[in-house]
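>>> output the structure for:
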Amino acid sequence: MTSSLDAPDRRGVPRDRAFFGHPLGLMTLFTTELWERFSYYGMRAILLYYLTDAVADGGLGIASATGAALVAIYGTSVYLLSVVGGWLADRVLGARRSTLYGGIVIAAGHVALTVPNVQASYLGIALVAIGTGLLKPNVSTMVGELYRRGDVRRDSAFSIFYMGINIGSLAAPLLVGAARAWGGYHAGFAVAAVGMGVALAFFVAGRRLLGGAGDDVPHPLQPQDRPALLRTGLAVIGGIALAVAVAWWRSGEMGVTTFIDTMSLLAFAAPVAYFVVMFRSPHVTDRERSRLKAYVPLFVGAMLFWMIFEQAASTMAAYAADRTELSVFGMTISPELFQSVNPASIVLLAPVFAWLWVRLDDRPPTAVKFAIGLSLAGVSFLVLAGAAAAAGDGRSPAWVLALVYVIQTVGELFLSPVGLAATTLLAPAAFRSQAMALWFLAPAAGNAITAQLITATEGVDEAAFFGGTGAVAVVAGLALLGLAPWVTRHIREGAEDVDEVELTH
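Here you go, the predicted structure:
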(Lines give C-alpha, C1' and ligand atoms only; values in the text may rest on other atoms or scores of the structure.)
Protein backbone atom coordinates (compact mmCIF):
# COMPACT_ATOMS: atom_id res chain seq x y z
CA MET A 1 0.00 0.00 0.00
CA THR A 2 1.30 3.49 -0.89
CA SER A 3 1.72 5.78 2.09
CA SER A 4 0.51 9.37 2.18
CA LEU A 5 4.09 10.55 1.84
CA ASP A 6 4.69 8.44 -1.26
CA ALA A 7 1.48 9.40 -3.07
CA PRO A 8 1.81 12.14 -5.71
CA ASP A 9 0.09 15.45 -4.96
CA ARG A 10 -2.06 17.36 -7.43
CA ARG A 11 1.05 18.61 -9.29
CA GLY A 12 2.30 15.09 -9.84
CA VAL A 13 5.48 15.53 -7.81
CA PRO A 14 6.85 12.02 -7.11
CA ARG A 15 6.88 11.00 -3.45
CA ASP A 16 8.81 7.75 -3.85
CA ARG A 17 11.88 6.75 -1.84
CA ALA A 18 14.14 5.47 -4.63
CA PHE A 19 17.03 7.91 -4.02
CA PHE A 20 18.35 7.20 -0.51
CA GLY A 21 14.78 7.23 0.78
CA HIS A 22 13.88 10.35 -1.19
CA PRO A 23 12.13 11.13 -4.51
CA LEU A 24 14.05 10.51 -7.72
CA GLY A 25 13.66 14.20 -8.51
CA LEU A 26 16.17 14.88 -5.73
CA MET A 27 18.73 12.92 -7.78
CA THR A 28 18.23 15.26 -10.76
CA LEU A 29 18.63 18.38 -8.63
CA PHE A 30 21.51 16.85 -6.65
CA THR A 31 23.48 16.12 -9.84
CA THR A 32 22.68 19.44 -11.51
CA GLU A 33 23.78 21.43 -8.49
CA LEU A 34 26.91 19.27 -8.08
CA TRP A 35 28.20 20.21 -11.52
CA GLU A 36 27.02 23.82 -11.38
CA ARG A 37 28.89 24.28 -8.09
CA PHE A 38 31.92 22.56 -9.65
CA SER A 39 31.98 25.27 -12.31
CA TYR A 40 31.36 28.15 -9.89
CA TYR A 41 33.82 27.13 -7.17
CA GLY A 42 36.41 26.13 -9.74
CA MET A 43 36.32 29.65 -11.15
CA ARG A 44 36.23 31.18 -7.66
CA ALA A 45 39.22 29.13 -6.45
CA ILE A 46 41.58 30.94 -8.82
CA LEU A 47 39.74 34.28 -9.18
CA LEU A 48 41.74 36.19 -6.52
CA TYR A 49 45.03 34.91 -7.88
CA TYR A 50 43.96 35.82 -11.44
CA LEU A 51 42.98 39.35 -10.41
CA THR A 52 46.15 40.04 -8.40
CA ASP A 53 48.82 38.13 -10.34
CA ALA A 54 51.20 40.14 -12.49
CA VAL A 55 50.16 40.80 -16.08
CA ALA A 56 53.37 39.13 -17.24
CA ASP A 57 52.25 35.95 -15.44
CA GLY A 58 48.77 35.95 -16.98
CA GLY A 59 46.92 37.93 -14.28
CA LEU A 60 45.28 41.34 -14.27
CA GLY A 61 47.79 43.02 -11.93
CA ILE A 62 45.31 44.45 -9.38
CA ALA A 63 46.60 45.36 -5.88
CA SER A 64 46.13 42.58 -3.29
CA ALA A 65 43.73 44.40 -0.93
CA THR A 66 41.65 45.70 -3.84
CA GLY A 67 41.53 42.23 -5.36
CA ALA A 68 40.34 40.68 -2.09
CA ALA A 69 37.63 43.33 -1.72
CA LEU A 70 36.57 42.79 -5.34
CA VAL A 71 36.26 39.03 -4.81
CA ALA A 72 34.11 39.67 -1.74
CA ILE A 73 31.90 42.18 -3.57
CA TYR A 74 31.68 39.77 -6.52
CA GLY A 75 30.11 37.31 -4.08
CA THR A 76 27.72 40.10 -3.08
CA SER A 77 26.80 40.65 -6.73
CA VAL A 78 26.10 36.97 -7.30
CA TYR A 79 23.73 36.75 -4.37
CA LEU A 80 22.08 40.12 -4.99
CA LEU A 81 21.14 38.95 -8.46
CA SER A 82 19.32 36.01 -6.89
CA VAL A 83 16.59 38.56 -6.14
CA VAL A 84 16.01 38.89 -9.88
CA GLY A 85 16.08 35.10 -10.27
CA GLY A 86 13.56 34.60 -7.49
CA TRP A 87 11.23 37.30 -8.82
CA LEU A 88 11.31 35.94 -12.37
CA ALA A 89 10.54 32.44 -11.09
CA ASP A 90 7.64 33.60 -8.93
CA ARG A 91 6.07 36.00 -11.42
CA VAL A 92 7.15 35.03 -14.97
CA LEU A 93 9.09 31.83 -15.65
CA GLY A 94 8.70 29.32 -12.81
CA ALA A 95 11.63 27.78 -10.99
CA ARG A 96 12.49 25.15 -13.62
CA ARG A 97 12.81 27.49 -16.60
CA SER A 98 14.66 30.08 -14.51
CA THR A 99 17.17 27.39 -13.58
CA LEU A 100 17.58 26.32 -17.20
CA TYR A 101 18.11 29.83 -18.57
CA GLY A 102 20.47 30.68 -15.71
CA GLY A 103 22.57 27.64 -16.51
CA ILE A 104 22.87 28.68 -20.14
CA VAL A 105 24.07 32.18 -19.14
CA ILE A 106 26.60 30.70 -16.69
CA ALA A 107 27.97 28.40 -19.41
CA ALA A 108 28.40 31.40 -21.73
CA GLY A 109 30.25 33.25 -18.97
CA HIS A 110 32.70 30.43 -18.38
CA VAL A 111 33.36 30.19 -22.12
CA ALA A 112 34.12 33.94 -22.19
CA LEU A 113 36.60 33.46 -19.33
CA THR A 114 38.58 31.02 -21.44
CA VAL A 115 39.44 33.85 -23.86
CA PRO A 116 42.79 35.53 -22.95
CA ASN A 117 41.41 39.06 -23.13
CA VAL A 118 40.69 41.54 -20.31
CA GLN A 119 37.30 42.62 -21.68
CA ALA A 120 36.25 39.00 -22.24
CA SER A 121 37.27 38.19 -18.66
CA TYR A 122 35.11 40.92 -17.15
CA LEU A 123 32.22 39.93 -19.44
CA GLY A 124 32.59 36.31 -18.33
CA ILE A 125 32.65 37.24 -14.64
CA ALA A 126 29.49 39.35 -15.13
CA LEU A 127 27.68 36.56 -17.00
CA VAL A 128 28.51 33.99 -14.31
CA ALA A 129 27.12 36.37 -11.69
CA ILE A 130 23.91 36.99 -13.64
CA GLY A 131 23.34 33.33 -14.45
CA THR A 132 24.06 32.20 -10.89
CA GLY A 133 21.56 34.71 -9.57
CA LEU A 134 18.94 33.29 -11.92
CA LEU A 135 19.73 29.65 -11.13
CA LYS A 136 20.78 29.47 -7.48
CA PRO A 137 17.56 30.21 -5.54
CA ASN A 138 15.38 28.16 -7.84
CA VAL A 139 17.18 24.82 -7.64
CA SER A 140 16.75 24.93 -3.87
CA THR A 141 13.09 25.89 -4.27
CA MET A 142 12.47 22.80 -6.38
CA VAL A 143 14.03 20.63 -3.68
CA GLY A 144 11.49 22.04 -1.25
CA GLU A 145 8.63 21.39 -3.70
CA LEU A 146 9.38 17.66 -3.66
CA TYR A 147 8.10 17.47 -0.05
CA ARG A 148 4.90 18.35 1.73
CA ARG A 149 5.17 20.84 4.56
CA GLY A 150 4.86 18.16 7.25
CA ASP A 151 7.36 15.71 5.70
CA VAL A 152 10.07 14.97 8.28
CA ARG A 153 12.51 14.16 5.46
CA ARG A 154 12.86 17.83 4.49
CA ASP A 155 16.01 18.66 6.53
CA SER A 156 17.54 15.33 5.57
CA ALA A 157 16.87 16.06 1.88
CA PHE A 158 18.61 19.42 2.07
CA SER A 159 21.59 17.82 3.80
CA ILE A 160 21.87 15.30 0.94
CA PHE A 161 21.43 18.10 -1.61
CA TYR A 162 24.12 20.04 0.23
CA MET A 163 26.44 17.07 -0.01
CA GLY A 164 26.08 17.20 -3.80
CA ILE A 165 27.07 20.86 -3.75
CA ASN A 166 30.19 20.01 -1.83
CA ILE A 167 31.22 17.03 -3.95
CA GLY A 168 31.41 19.50 -6.83
CA SER A 169 33.14 22.07 -4.64
CA LEU A 170 35.69 19.46 -3.51
CA ALA A 171 36.71 18.42 -7.00
CA ALA A 172 36.74 21.94 -8.46
CA PRO A 173 39.85 23.49 -6.80
CA LEU A 174 41.79 20.27 -7.41
CA LEU A 175 41.03 19.96 -11.12
CA VAL A 176 40.87 23.67 -11.94
CA GLY A 177 44.07 24.25 -9.93
CA ALA A 178 45.79 21.45 -11.84
CA ALA A 179 44.63 22.93 -15.15
CA ARG A 180 45.94 26.36 -14.09
CA ALA A 181 49.32 24.87 -13.19
CA TRP A 182 49.44 23.11 -16.57
CA GLY A 183 48.07 25.73 -18.96
CA GLY A 184 47.48 28.99 -17.08
CA TYR A 185 44.39 30.69 -15.73
CA HIS A 186 42.30 30.37 -18.88
CA ALA A 187 42.85 26.62 -19.00
CA GLY A 188 41.44 26.51 -15.47
CA PHE A 189 38.40 28.50 -16.56
CA ALA A 190 37.92 26.06 -19.46
CA VAL A 191 37.58 23.16 -16.99
CA ALA A 192 34.90 25.15 -15.15
CA ALA A 193 33.06 25.65 -18.46
CA VAL A 194 32.96 21.89 -19.05
CA GLY A 195 31.45 21.41 -15.60
CA MET A 196 28.59 23.78 -16.36
CA GLY A 197 27.90 21.99 -19.62
CA VAL A 198 27.56 18.70 -17.75
CA ALA A 199 25.18 20.36 -15.25
CA LEU A 200 22.90 21.52 -18.05
CA ALA A 201 22.88 18.08 -19.65
CA PHE A 202 21.80 16.39 -16.39
CA PHE A 203 19.10 18.97 -15.71
CA VAL A 204 17.50 18.66 -19.15
CA ALA A 205 17.71 14.85 -19.17
CA GLY A 206 16.22 14.54 -15.68
CA ARG A 207 13.21 16.81 -16.14
CA ARG A 208 10.68 13.96 -16.17
CA LEU A 209 11.83 12.84 -12.71
CA LEU A 210 10.80 16.19 -11.21
CA GLY A 211 7.13 15.38 -11.76
CA GLY A 212 6.25 19.00 -12.49
CA ALA A 213 8.19 20.53 -9.58
CA GLY A 214 9.17 24.07 -10.57
CA ASP A 215 6.81 24.26 -13.57
CA ASP A 216 4.18 26.42 -11.85
CA VAL A 217 4.45 30.19 -11.66
CA PRO A 218 3.28 30.76 -8.05
CA HIS A 219 2.15 34.38 -8.45
CA PRO A 220 1.97 35.17 -12.20
CA LEU A 221 1.87 38.74 -13.43
CA GLN A 222 -1.58 40.01 -14.37
CA PRO A 223 -2.47 43.03 -16.56
CA GLN A 224 -3.55 44.94 -13.46
CA ASP A 225 -0.07 44.42 -11.99
CA ARG A 226 1.61 46.58 -14.62
CA PRO A 227 1.27 49.97 -12.85
CA ALA A 228 2.67 48.52 -9.61
CA LEU A 229 5.45 46.79 -11.56
CA LEU A 230 6.35 50.08 -13.24
CA ARG A 231 6.44 51.86 -9.88
CA THR A 232 8.62 49.11 -8.41
CA GLY A 233 10.98 49.20 -11.38
CA LEU A 234 11.37 52.96 -11.11
CA ALA A 235 11.95 52.64 -7.34
CA VAL A 236 14.67 50.04 -7.93
CA ILE A 237 16.36 52.19 -10.57
CA GLY A 238 16.13 55.17 -8.24
CA GLY A 239 17.61 53.14 -5.39
CA ILE A 240 20.54 52.01 -7.54
CA ALA A 241 21.14 55.59 -8.72
CA LEU A 242 21.05 56.83 -5.11
CA ALA A 243 23.52 54.13 -4.04
CA VAL A 244 25.88 55.10 -6.87
CA ALA A 245 25.60 58.78 -5.94
CA VAL A 246 26.32 58.15 -2.26
CA ALA A 247 29.27 55.87 -3.09
CA TRP A 248 30.64 58.40 -5.59
CA TRP A 249 30.32 61.21 -3.02
CA ARG A 250 32.05 59.07 -0.39
CA SER A 251 35.04 58.11 -2.57
CA GLY A 252 35.31 61.33 -4.58
CA GLU A 253 35.86 59.49 -7.86
CA MET A 254 34.20 56.94 -10.08
CA GLY A 255 36.35 53.83 -9.73
CA VAL A 256 36.72 50.47 -8.04
CA THR A 257 35.97 51.88 -4.58
CA THR A 258 32.71 53.39 -5.87
CA PHE A 259 31.67 50.02 -7.27
CA ILE A 260 32.45 48.25 -3.98
CA ASP A 261 30.53 50.84 -1.94
CA THR A 262 27.57 50.82 -4.34
CA MET A 263 27.17 47.06 -4.17
CA SER A 264 27.57 47.16 -0.39
CA LEU A 265 24.77 49.72 0.01
CA LEU A 266 22.50 47.68 -2.25
CA ALA A 267 23.32 44.50 -0.32
CA PHE A 268 22.29 46.12 2.97
CA ALA A 269 19.18 47.79 1.54
CA ALA A 270 17.81 44.84 -0.45
CA PRO A 271 16.94 42.49 2.44
CA VAL A 272 15.38 45.36 4.42
CA ALA A 273 13.20 46.23 1.43
CA TYR A 274 12.27 42.59 0.93
CA PHE A 275 11.15 42.14 4.52
CA VAL A 276 9.09 45.35 4.36
CA VAL A 277 7.37 44.26 1.14
CA MET A 278 6.53 40.81 2.49
CA PHE A 279 5.28 42.10 5.84
CA ARG A 280 3.02 44.63 4.10
CA SER A 281 1.80 42.41 1.24
CA PRO A 282 -1.96 41.67 1.21
CA HIS A 283 -1.06 38.19 -0.10
CA VAL A 284 0.63 37.31 3.22
CA THR A 285 -1.58 35.90 6.00
CA ASP A 286 -1.28 36.55 9.73
CA ARG A 287 0.21 33.09 10.25
CA GLU A 288 2.79 33.75 7.57
CA ARG A 289 3.69 37.08 9.20
CA SER A 290 4.32 35.27 12.47
CA ARG A 291 6.76 32.99 10.68
CA LEU A 292 8.41 36.03 9.03
CA LYS A 293 9.03 37.59 12.45
CA ALA A 294 10.82 34.42 13.49
CA TYR A 295 12.85 34.50 10.29
CA VAL A 296 14.36 37.98 10.88
CA PRO A 297 16.86 37.01 13.64
CA LEU A 298 17.71 33.84 11.71
CA PHE A 299 18.55 36.00 8.70
CA VAL A 300 20.81 38.29 10.76
CA GLY A 301 22.59 35.26 12.22
CA ALA A 302 23.08 33.81 8.74
CA MET A 303 24.40 37.14 7.45
CA LEU A 304 27.11 37.23 10.14
CA PHE A 305 27.95 33.57 9.57
CA TRP A 306 28.51 34.15 5.83
CA MET A 307 30.54 37.27 6.64
CA ILE A 308 33.16 34.82 7.97
CA PHE A 309 32.58 31.76 5.83
CA GLU A 310 32.66 33.56 2.45
CA GLN A 311 36.16 34.88 3.18
CA ALA A 312 37.47 31.54 1.94
CA ALA A 313 37.97 33.13 -1.49
CA SER A 314 39.34 36.46 -0.25
CA THR A 315 41.20 36.93 3.06
CA MET A 316 41.67 33.21 3.71
CA ALA A 317 42.84 32.62 0.13
CA ALA A 318 45.39 35.40 0.62
CA TYR A 319 46.44 33.91 3.99
CA ALA A 320 46.88 30.52 2.29
CA ALA A 321 49.18 31.98 -0.36
CA ASP A 322 51.16 34.45 1.75
CA ARG A 323 51.11 33.31 5.40
CA THR A 324 50.80 29.50 5.29
CA GLU A 325 53.49 26.85 4.90
CA LEU A 326 52.89 25.22 1.51
CA SER A 327 55.32 22.36 2.03
CA VAL A 328 53.63 19.28 3.52
CA PHE A 329 55.56 16.00 3.98
CA GLY A 330 58.18 17.27 1.56
CA MET A 331 55.62 18.12 -1.13
CA THR A 332 54.66 21.63 -2.24
CA ILE A 333 50.90 22.18 -2.40
CA SER A 334 48.99 24.93 -4.22
CA PRO A 335 47.16 27.51 -2.08
CA GLU A 336 43.81 26.81 -3.80
CA LEU A 337 43.97 23.28 -2.39
CA PHE A 338 42.83 24.63 1.00
CA GLN A 339 39.48 25.55 -0.55
CA SER A 340 38.84 21.81 -0.94
CA VAL A 341 39.07 21.18 2.82
CA ASN A 342 35.59 22.53 3.49
CA PRO A 343 33.76 20.49 0.83
CA ALA A 344 35.78 17.38 1.72
CA SER A 345 34.64 17.76 5.31
CA ILE A 346 31.05 18.30 4.14
CA VAL A 347 31.12 15.11 2.08
CA LEU A 348 32.27 13.18 5.14
CA LEU A 349 30.00 14.87 7.69
CA ALA A 350 26.79 15.70 5.78
CA PRO A 351 25.49 12.09 5.87
CA VAL A 352 26.18 12.04 9.61
CA PHE A 353 24.20 15.23 10.14
CA ALA A 354 21.38 14.04 7.86
CA TRP A 355 21.11 10.86 9.94
CA LEU A 356 21.45 12.85 13.16
CA TRP A 357 18.53 15.20 12.43
CA VAL A 358 16.27 12.25 11.64
CA ARG A 359 17.49 10.34 14.71
CA LEU A 360 16.90 13.37 16.98
CA ASP A 361 13.51 14.04 15.32
CA ASP A 362 14.95 17.31 13.98
CA ARG A 363 16.02 18.59 17.43
CA PRO A 364 17.40 21.01 18.64
CA PRO A 365 15.14 23.85 17.35
CA THR A 366 16.21 25.76 14.26
CA ALA A 367 17.27 28.91 16.16
CA VAL A 368 19.56 26.89 18.44
CA LYS A 369 21.18 25.25 15.40
CA PHE A 370 21.77 28.72 13.93
CA ALA A 371 23.31 29.97 17.18
CA ILE A 372 25.71 27.02 17.32
CA GLY A 373 26.70 27.45 13.66
CA LEU A 374 27.39 31.18 14.03
CA SER A 375 29.38 30.68 17.24
CA LEU A 376 31.56 28.02 15.60
CA ALA A 377 32.32 30.38 12.72
CA GLY A 378 33.48 32.95 15.25
CA VAL A 379 35.62 30.38 17.06
CA SER A 380 37.30 29.43 13.76
CA PHE A 381 38.50 33.00 13.26
CA LEU A 382 39.70 33.23 16.87
CA VAL A 383 41.82 30.14 16.18
CA LEU A 384 43.20 31.73 13.01
CA ALA A 385 43.92 34.96 14.89
CA GLY A 386 45.89 33.02 17.49
CA ALA A 387 47.86 31.22 14.78
CA ALA A 388 48.63 34.49 12.99
CA ALA A 389 49.85 36.07 16.24
CA ALA A 390 52.01 33.03 17.05
CA ALA A 391 53.56 33.03 13.56
CA GLY A 392 54.55 36.70 13.76
CA ASP A 393 56.20 37.61 10.47
CA GLY A 394 56.53 33.96 9.51
CA ARG A 395 54.06 31.39 8.20
CA SER A 396 51.52 29.19 10.00
CA PRO A 397 51.59 25.40 9.58
CA ALA A 398 49.23 24.10 6.92
CA TRP A 399 47.22 22.12 9.47
CA VAL A 400 46.10 25.34 11.19
CA LEU A 401 44.29 26.66 8.14
CA ALA A 402 42.87 23.20 7.48
CA LEU A 403 41.54 23.09 11.07
CA VAL A 404 39.90 26.49 10.61
CA TYR A 405 38.06 25.18 7.55
CA VAL A 406 36.91 22.08 9.44
CA ILE A 407 35.51 24.15 12.33
CA GLN A 408 33.66 26.34 9.84
CA THR A 409 32.33 23.21 8.15
CA VAL A 410 30.74 21.93 11.35
CA GLY A 411 29.19 25.36 11.86
CA GLU A 412 27.97 25.35 8.26
CA LEU A 413 26.18 22.03 8.74
CA PHE A 414 24.39 23.43 11.78
CA LEU A 415 23.24 26.49 9.82
CA SER A 416 23.24 26.32 6.03
CA PRO A 417 21.18 23.24 5.03
CA VAL A 418 18.91 23.90 8.01
CA GLY A 419 18.50 27.48 6.80
CA LEU A 420 17.55 26.33 3.31
CA ALA A 421 14.92 24.01 4.75
CA ALA A 422 13.65 26.68 7.16
CA THR A 423 13.28 29.17 4.32
CA THR A 424 11.11 26.84 2.24
CA LEU A 425 9.05 26.12 5.39
CA LEU A 426 8.67 29.70 6.66
CA ALA A 427 8.26 31.48 3.31
CA PRO A 428 4.84 32.98 2.46
CA ALA A 429 3.21 31.05 -0.39
CA ALA A 430 3.12 34.11 -2.68
CA PHE A 431 6.87 34.71 -2.20
CA ARG A 432 8.20 31.15 -2.31
CA SER A 433 11.08 31.61 -4.75
CA GLN A 434 11.62 35.24 -3.73
CA ALA A 435 11.98 34.16 -0.10
CA MET A 436 14.68 31.74 -1.20
CA ALA A 437 16.32 34.71 -2.91
CA LEU A 438 16.05 36.54 0.42
CA TRP A 439 17.98 33.65 2.02
CA PHE A 440 20.75 34.22 -0.50
CA LEU A 441 20.80 37.92 0.36
CA ALA A 442 22.32 36.88 3.70
CA PRO A 443 25.66 35.94 2.08
CA ALA A 444 25.31 39.02 -0.15
CA ALA A 445 25.23 41.25 2.92
CA GLY A 446 27.92 39.14 4.61
CA ASN A 447 30.23 39.56 1.63
CA ALA A 448 29.52 43.29 1.61
CA ILE A 449 30.54 43.56 5.27
CA THR A 450 33.74 41.70 4.39
CA ALA A 451 34.51 44.06 1.49
CA GLN A 452 34.03 47.07 3.75
CA LEU A 453 36.16 45.50 6.49
CA ILE A 454 39.00 44.75 4.06
CA THR A 455 39.10 48.30 2.71
CA ALA A 456 38.67 49.90 6.16
CA THR A 457 41.37 47.78 7.84
CA GLU A 458 44.01 47.80 5.10
CA GLY A 459 47.36 47.61 6.86
CA VAL A 460 45.94 46.03 10.04
CA ASP A 461 47.68 42.75 10.90
CA GLU A 462 45.85 39.46 10.38
CA ALA A 463 45.63 38.62 14.10
CA ALA A 464 43.65 41.78 14.87
CA PHE A 465 41.43 41.40 11.78
CA PHE A 466 40.52 37.76 12.34
CA GLY A 467 40.31 38.14 16.13
CA GLY A 468 37.94 41.12 16.05
CA THR A 469 35.70 39.54 13.44
CA GLY A 470 35.57 36.24 15.31
CA ALA A 471 34.72 37.90 18.63
CA VAL A 472 31.77 39.74 17.07
CA ALA A 473 30.42 36.48 15.64
CA VAL A 474 30.69 34.63 18.97
CA VAL A 475 28.84 37.40 20.83
CA ALA A 476 26.12 37.44 18.15
CA GLY A 477 25.80 33.64 18.39
CA LEU A 478 25.21 33.85 22.13
CA ALA A 479 22.60 36.59 21.60
CA LEU A 480 20.77 34.41 19.07
CA LEU A 481 20.82 31.53 21.54
CA GLY A 482 19.04 33.81 24.02
CA LEU A 483 16.40 34.65 21.38
CA ALA A 484 15.81 31.00 20.45
CA PRO A 485 12.65 30.50 22.60
CA TRP A 486 11.05 33.64 21.07
CA VAL A 487 11.87 32.44 17.54
CA THR A 488 10.46 28.97 18.19
CA ARG A 489 7.28 30.40 19.68
CA HIS A 490 6.59 32.52 16.59
CA ILE A 491 7.25 29.57 14.28
CA ARG A 492 4.72 27.52 16.25
CA GLU A 493 2.15 30.33 16.15
CA GLY A 494 2.51 30.45 12.36
CA ALA A 495 2.23 26.70 11.81
CA GLU A 496 -0.42 25.62 9.31
CA ASP A 497 -1.27 22.21 10.77
CA VAL A 498 -0.51 19.74 13.56
CA ASP A 499 2.33 18.05 11.66
CA GLU A 500 4.06 21.39 11.18
CA VAL A 501 3.70 22.23 14.87
CA GLU A 502 5.49 18.99 15.71
CA LEU A 503 8.41 20.03 13.50
CA THR A 504 9.06 23.07 15.73
CA HIS A 505 9.25 21.03 18.98
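>>> in whichever helix in the chain runs longest, what's buried?
In terms of residue count, the longest helix belonging to the chain (DSSP state H) is helix 462-493. Within helix 462-493, the residues scored as buried using 16 or more other C-beta atoms under 10 Å are 462-463, 465-470, 472-474, 476-477, 480-481, 483-484, 487-488, 490-493. (Glycine included, C-beta is placed from N, CA and C.)
>>> ok, stretch 240-248 next?
So, applying 16+ other C-beta under 10 Å, buried residues of stretch 240-248: 243, 244, 247, 248.
>>> just these now: which is nearest residue 228?
Ranked by distance to residue 228 (C-beta to C-beta), those are led by residue 243 at 22.4 Å.
>>> three-state assignment of the closest one?
helix (DSSP: H, G, I helix; E, B strand; the rest coil).
>>> who's in contact with it?
Applying C-beta atoms under 8 Å, 6 or more residues apart in numbering to residue 243 gives the contacts 261, 262, 265, 266, 269.
>>> any low-confidence regions in this structure?
1-15, 17-18, 20, 149-150, 361-362, 432-437, 493-505 (pLDDT under 70).
>>> and the strands in it?
327-328, 331-332 (DSSP state E).
>>> buried deepest among those strands, which one?
Of all the strands of the chain, strand 327-328 has the most neighbours on average by mean count of other C-beta atoms under 10 Å, namely a mean of 12.
>>> check the offset of that strand from the chain's centre.
From the chain centre to the centre of strand 327-328 is a distance of 31 Å (C-alpha atoms, centre = their mean, to the nearest Å).
>>> for the buried residues of stretch 240-248, which one is nearest residue 316?
residue 247 (26.3 Å).
>>> contacting residues around the residue lying closest to that closest one once chain neighbours are set aside?
If the residues on either side of it in the chain are set aside, residue 247 comes closest to residue 261, at 3.5 Å by C-beta to C-beta, 6 or more residues apart in numbering. By C-beta under 8 Å, 6+ apart, residue 261 lies in contact with 243, 246, 247, 250, 251, 452.
>>> redo that, cut-off 10 Å
Shown in contact with residue 261 (C-beta atoms under 10 Å, 6 or more residues apart in numbering): 73, 243-244, 246-251, 448, 451-452, 455.
>>> try residue 352
Residue 352 makes contact with 159, 413 under the criterion C-beta under 10 Å, 6+ apart.
>>> do that again at 7 Å, thanks
Contacts for residue 352 (C-beta atoms under 7 Å, 6 or more residues apart in numbering) come out as none.
>>> residue 85 now?
Contacts of residue 85 by C-beta under 7 Å, 6+ apart are 98, 102, 133, 134, 135, 136, 137, 138, 437.
>>> most surrounded residue in those residues?
Using other C-beta atoms under 10 Å as the neighbour test, those are led by residue 137, with 35 neighbours.
>>> pretty sure that one sits against residue 83.
No - contact criterion C-beta atoms under 7 Å: residue 137 and residue 83 do not qualify, at 8.5 Å.
>>> one step back: for the longest helix of the chain, name the packing helices and strands.
On a contact count with 3 or more C-beta pairs under 7 Å, 6 or more residues apart in numbering; DSSP states H and E, helix 462-493 meets helix 286-309, helix 366-391, helix 498-504.
>>> stretch 153-163: which residues count as buried?
For stretch 153-163, by 16+ other C-beta under 10 Å, it's 153, 154, 155, 156, 157, 158, 159, 160, 161, 162, 163.
>>> same question for stretch 203-214.
203, 206, 207, 209, 210, 211, 212, 213, 214.
>>> not counting its neighbours along the chain, what's nearest the fourth one?
Closest residue to residue 209 in three dimensions, ignoring its sequence neighbours and counting by C-beta to C-beta, 6+ apart: residue 24, at 4.5 Å.
>>> the one you found contacts residue 16, correct?
Yes - Residue 24 is in contact with residue 16 according to C-beta under 7 Å; the separation is 6.3 Å.
>>> in contact with residue 269, which residues?
With C-beta under 7 Å, 6+ apart, residue 269 has these contacts: residue 239.
>>> make TSV out of the strands of the chain and add distance to residue 309.
Putting the strands of the chain into TSV (distance: least, C-beta to C-beta, whole Å) gives the following:
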stretch	distance to residue 309
strand 327-328	24
strand 331-332	27
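>>> nearest to residue 300, out of those?
strand 327-328 (38.4 Å).
>>> how close does the residue nearest to residue 247 sit to residue 255?
10 Å (C-beta to C-beta, to the nearest Å).
>>> what's the local residue count around the closest residue in space to residue 251 that isn't next to it in sequence?
Spatial nearest neighbour of residue 251, chain neighbours left out: residue 257 (4.3 Å); criterion: C-beta to C-beta, 6+ apart. Using other C-beta under 10 Å, residue 257 has 17 neighbouring residues.
>>> pop out the phi and psi values for residue 59.
phi -90, psi -170 (degrees, to the nearest 10).
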